[in-house]
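Asker: The following comprises the amino acid sequence and a computationally predicted model.
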Amino acid sequence: MIIKKYKELFFCFILASVCFSCSGVQKTIENAERLKFKLGKVEKLKVGGVNLSNVRSINDINLIDGASLLASFTSGKLPATFTVNLIAKNPDTYPGGSAESSSLIKGLDWRLLVDNTEMITGSIDQTIEIPGVGKSTTIPIPVSVDLYKLLGDGGYEKLMNLALSIGGKSGSSSRLTLKIKPTIDTFLGGISYPGEIDVIDKEFR
């Protein structure tokens, strides 16, 4: 009789734990679903080893750097590195309350498109905390590509103008689209978003 009672208590404990776990996971998912994303600035542009982040146009490149870039292009390589800043934000209000719940992203798969043409894919394998209610955090995404292999048939000047329009002194991320698929961190493990989110610079999505 005593053993039976202990079994019943143990069963109730397990059932309560499962219900609590499910409720916790559901709340975590709901918090993550409210996250909004937007593209920030593109920084630290280097092409062929030349820092172009403070250059407005191809005419502003000095002779030495210009010769180095042209030599790299004619060799069939034009490596570029830059950082795309992804801004993640919790909403200003929560339906039914104002819980200061932060969200944890365990990882992030991403695809970068320029003028709707895919340039490169990658992933972030680290936990990122997004603070609660109206707060945001910037997630730097380092990008490394060979512009010549991707767009070399357009010519040197076209390639350089494209690079400067994205990461130069007057550049912006308006020509970029970042397709992301976050993985939410829960105490039961990672749960991935069912599909990709198209992130642009004009609005939070």
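Answerer: Ah, there it is. Numbers count the residues shown, from 1 in each chain.
Asker: Next, the contact list for the residue most central in space within the chain, please.
Answerer: Taking Cα atoms, centre = their mean, the centroid of the chain lies closest to residue 86, which sits 4.8 Å from it. Shown in contact with residue 86 (Cβ atoms under 8 Å, 6 or more residues apart in numbering): 37, 38, 39, 40, 110, 138, 139, 140, 141, 178, 180, 199. Where you see a C-beta, it was placed from the backbone N, CA and C, and this is true even at glycine.
Asker: Return the distance of the fourth one relative to residue 105.
Answerer: Think residue 40. Distance, residue 40 to residue 105, by Cβ to Cβ, to the nearest Å: 16 Å.
Asker: okay, those two: which has more neighbours?
Answerer: When neighbours are counted by other Cβ atoms under 10 Å, residue 40 and residue 105 differ, and residue 105 comes out ahead with 23 against 16.
Asker: Surely that one and residue 125 touch.
Answerer: No: here residue 105 lies out of contact with residue 125, judged by Cβ atoms under 8 Å, at a distance of 10.9 Å.
Asker: Look at the residue nearest to the centre of the chain and give its secondary structure.
Answerer: Secondary structure assignment for residue 86 (DSSP: H, G, I helix; E, B strand; the rest coil): strand.
Asker: What of residue 201?
Answerer: The three-state assignment at residue 201 reads coil, by three-state DSSP.
Asker: What about it, how many residues nearby?
Answerer: Per other Cβ under 10 Å, the neighbour tally for residue 201 reads 17.
Asker: So what touches whatever helix or strand residue 65 lives in?
Answerer: Using DSSP states H and E, residue 65 sits in helix 63-74. Residues outside helix 63-74 that contact it (Cβ under 8 Å, 6+ apart): 47, 48, 49, 50, 61, 78, 79, 148, 152, 156, 159, 160.
Asker: give me that answer again for 10 Å
Answerer: Here helix 63-74 makes contact (Cβ atoms under 10 Å, 6 or more residues apart in numbering) with 47-52, 55, 58-62, 77-79, 147-148, 152, 155-157, 159-160, 163.
Asker: Would you map the strands across the protein?
Answerer: Applying DSSP state E to the chain gives strands spanning 36-47, 50-51, 79-89, 103-114, 117-124, 128-130, 136-146, 176-186, 189-192, 197-199.
Asker: follow-up on the earlier one: for the buried ones among the contacts of helix 63-74, write the corresponding ChimeraX selection.
Answerer: Of these, the buried ones can be selected in ChimeraX as follows, counting by 16 or more other Cβ atoms under 10 Å:
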select :47,48,50,52,55,58,61,78,147,148,152,156,159,160,163
